[in-house]
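Novice: Provided below for reference: sequence and predicted model.
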2 protein chains.
Amino acid sequence: MSATVLSGKEPAAAIRAETSAEAAELTAAGTPPKLAVVVATADESSAWYVRSIARSAEKAGIACDIVDLGADATAGAIRERLSGLSADDAVHGIILQTPLPAGAALEDLASAIAFEKDVDGAAPLSLGRLVAGLPAFAPATAEAVMAILDHYGIELTGRHAVVVGRSTVVGKPVAHLLLDRNATVTVCHSRTVDLAAVTSTADVVVAAVGRAGLITAEYVRPGAVVVDVGTNPTEDGGLAGDVDAASVAERASALTPVPGGVGPVTTALLLRHTVQAAARAAAR
Amino acid sequence: MSATVLSGKEPAAAIRAETSAEAAELTAAGTPPKLAVVVATADESSAWYVRSIARSAEKAGIACDIVDLGADATAGAIRERLSGLSADDAVHGIILQTPLPAGAALEDLASAIAFEKDVDGAAPLSLGRLVAGLPAFAPATAEAVMAILDHYGIELTGRHAVVVGRSTVVGKPVAHLLLDRNATVTVCHSRTVDLAAVTSTADVVVAAVGRAGLITAEYVRPGAVVVDVGTNPTEDGGLAGDVDAASVAERASALTPVPGGVGPVTTALLLRHTVQAAARAAAR
């Protein structure tokens, strides 16, 4: 048996096509959508990711300002800039890129992003509304997991989903999105005892832990669906997932690749959110 | 084997004693703590609960205003009153009692409660901050579950906790509190397939589903700890838990009673939160 590859390219292309069309309409009607990405790091893989967002935005007809505050930016300076962008009517979406300088926490600083511009669902208010079942932008990576599962018609109601990782940006929100779709959801983490025994009970495994190749065949029940959220930089400048694809592909029924899985869908969703935010701003 | 009874009376009394002392200090210093409970229902068990909060507040030296808007109150009228109380410097804690009139949703209306007065953690911002690990008042019932487990020295790190119920007021926040304490956490609900098979794998079961006696012996692994959050009204005017205590007590190692378990600790925590909110207001 070899797992079906759940490529993110096809769902990402569908989202991008729809988003480009809406961006063109908004621009024609006098509200050109604009995304601002605030950067305060010299991290190379972060810079690579930000450039890829900017390129994708440009292709979709969305203006993208990269606001580079430098790796020495203070939390106060970052907060001030986020408040300024929140007050700027020409900006519709704001992303605060990680990593952040020491002493600056994403969860805390993201509070300075206006709720309606929080296109990566980073602010506590967005997260709380998501958990409470109220309208809000979900963190794009978490939503990308769901978009891939939906694109390939993977049933969730009554299935057991195990999320490995409890970060505020991926693990926790994806657990809520799975719960909203009537999955029974287990969240595992570094203190989980016998992780393989827990993940082996899952119909759907979501690996979002940030350790290259952690999930091997013995972590996966035969026939399970595995979604790999890991984006671990490799020595040769590439990306490795949290899943050891070669071994897992022999047991899983389906598996998202890295790169080319969750990543492109995440970027497409950030752009879709920006266009949605611009459309709401235009309607006000 | 018969399970140890994890009474809430002792931890509740300890919290109340501490809270009364702080209330007296605040009153002497010119900030008498005050709680407002907004009611918009004619529900009898709700009225009983509100009276019990008011009595406990009075005993602890905390003023308690019951703001009864009637069962016909509109969402707009409730929101307006919550905003008014949020702006009133003499009020330190605000609770919006459920059930609410048709068309009024707790999660939505609670947004009108000022964050610093949201002593029952009902507003989306409080919930989001809780999930993000930032300071916020947790929903008192969810925190009461943790307070009982802590009082009786029940270890959580690396243990498997299964929460039955996914409400915004109990199931979801208690899942986060358990996760913060390094438990591996599973959330089950009405669409979970073979609930007994899932709960039987738990070291700790938290029943918060609102169905009297749902959890019987076959849902519980021998030696597990069971926390019963259910408060289902019985025909004779009493309260029944979600757990069938008679059968579960023969398998569990420990079990909270209903009444006298999570309930009294919840009320004590609401009062503690009110005093904490008053202390912060006094310090401003």
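Specialist: That came in fine, so what should we check first? Numbering: from 1, shown residues only, chains lettered A, B, ... in the order given.

Novice: can you tell me the SS state at A:Val163?
Specialist: Taking DSSP: H, G, I helix; E, B strand; the rest coil as the rule, one finds A:Val163 in the strand state.

Novice: got the residues of the stretch 101-250 of chain A near chain B?
Specialist: A:107-108, A:123-134, A:157-160, A:166, A:168, A:172, A:175-176, A:179, A:182, A:184-189, A:191-193, A:198 (CB under 8 Å from any CB of the partner chain). Yep, even glycine has a C-beta here, placed from its N, CA and C like the rest.

Novice: tell me the buried residues within those.
Specialist: Buried members of these, scored by 16 or more other CB atoms under 10 Å in any protein chain shown, are A:107-108, A:123-134, A:159-160, A:166, A:168, A:172, A:175-176, A:179, A:182, A:184-189, A:191-192, A:198.

Novice: now the stretch 101-250 of chain A against chain B: closest residue?
Specialist: A:Gly128 (2.7 Å; CB to the nearest CB).

Novice: pLDDT at that residue, what is it?
Specialist: pLDDT recorded at A:Gly128 is 98.

Novice: restricted to helices, list the residues of the stretch 101-250 of chain A next to chain B.
Specialist: Among these, the ones falling in helices (DSSP state H) are A:107-108, A:124-132, A:172, A:175-176, A:179, A:198.

Novice: out of these, who's nearest B:Val209?
Specialist: Distance to B:Val209, by CB to CB, is smallest for A:Leu179 among these, at 14.2 Å.

Novice: my guess is that closest one meets B:Arg166, correct?
Specialist: Yes - if you go by CB atoms under 8 Å, A:Leu179 and B:Arg166 touch, sitting 5.7 Å apart.

Novice: pull up the overlap in contacts between those two.
Specialist: Shared contacts of A:Leu179 and B:Arg166, defined by CB atoms under 8 Å, 6 or more residues apart in numbering or on different chains, comprise B:Lys172, B:Val187, B:His189.

Novice: show me what contacts the nearest residue to the last one once chain neighbours are set aside?
Specialist: In space, not counting the residues next to it along the chain, B:His189 is nearest to B:Arg166; the distance is 4.6 Å by CB to CB, 6 or more residues apart in numbering or on different chains. Taking CB under 8 Å, 6+ apart as the contact definition, B:Arg166 lies against A:Leu179, B:Lys172, B:Val187, B:Cys188, B:His189.

Novice: same thing but at 7 Å, please
Specialist: A:Leu179, B:Lys172, B:Val187, B:His189 (CB atoms under 7 Å, 6 or more residues apart in numbering or on different chains).

Novice: export those residues as TSV, with columns for distance to A:Ser20.
Specialist: Listed next are the contacts of B:Arg166 as TSV, based on distance: CB to CB, whole Å:
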residue	distance to A:Ser20
A:Leu179	32
B:Lys172	36
B:Val187	38
B:His189	39
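
Novice: turn those into JSON lines, including distance to B:Glu44 and pLDDT.
Specialist: Shown next, in JSON lines, are these (distance: CB to CB, whole Å; pLDDT from 0 to 100):
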{"residue": "A:Leu179", "distance to B:Glu44": "32", "pLDDT": "98"}
{"residue": "B:Lys172", "distance to B:Glu44": "27", "pLDDT": "98"}
{"residue": "B:Val187", "distance to B:Glu44": "31", "pLDDT": "98"}
{"residue": "B:His189", "distance to B:Glu44": "27", "pLDDT": "98"}
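
Novice: for these, which one is nearest B:Ser83?
Specialist: So of the contacts of B:Arg166, ranked by how close each gets to B:Ser83 (CB to CB), first place is B:Lys172, at 25.6 Å.

Novice: residue contacts, that closest one?
Specialist: A:Val131, B:Arg166.

Novice: make it 10 Å
Specialist: Neighbour list for B:Lys172: A:131-133, A:175-176, A:179, B:127, B:130-131, B:139, B:142, B:163, B:165-166, B:187, B:208 [criterion: CB atoms under 10 Å, 6 or more residues apart in numbering or on different chains].

Novice: the contacts of B:Arg166: which two are farthest apart?
Specialist: Spatially, the most separated pair among the contacts of B:Arg166 is B:Lys172 and B:His189, at 10.4 Å (CB to CB).

Novice: closest to B:Tyr49 among the contacts of B:Lys172?
Specialist: Relative to B:Tyr49, the closest of these is B:Pro139; by CB to CB it sits at 14.6 Å.

Novice: isn't the closest one up against B:Val131?
Specialist: No - checked against CB atoms under 10 Å, the pair B:Pro139 and B:Val131 is beyond contact range at 11.9 Å.

Novice: could you pull out the residues contacting both of those two?
Specialist: Listed as contacting both B:Pro139 and B:Val131 by CB under 10 Å, 6+ apart are B:Lys172, B:Pro173.

Novice: so where is chain A shaky, pLDDT-wise?
Specialist: Confidence mapping of chain A against pLDDT under 70 gives the ranges A:1.

Novice: and the helices in it, which stretches?
Specialist: Using DSSP H, helices in chain A cover A:9-28, A:44-59, A:75-87, A:106-109, A:124-132, A:140-151, A:171-180, A:195-199, A:245-248, A:262-283.
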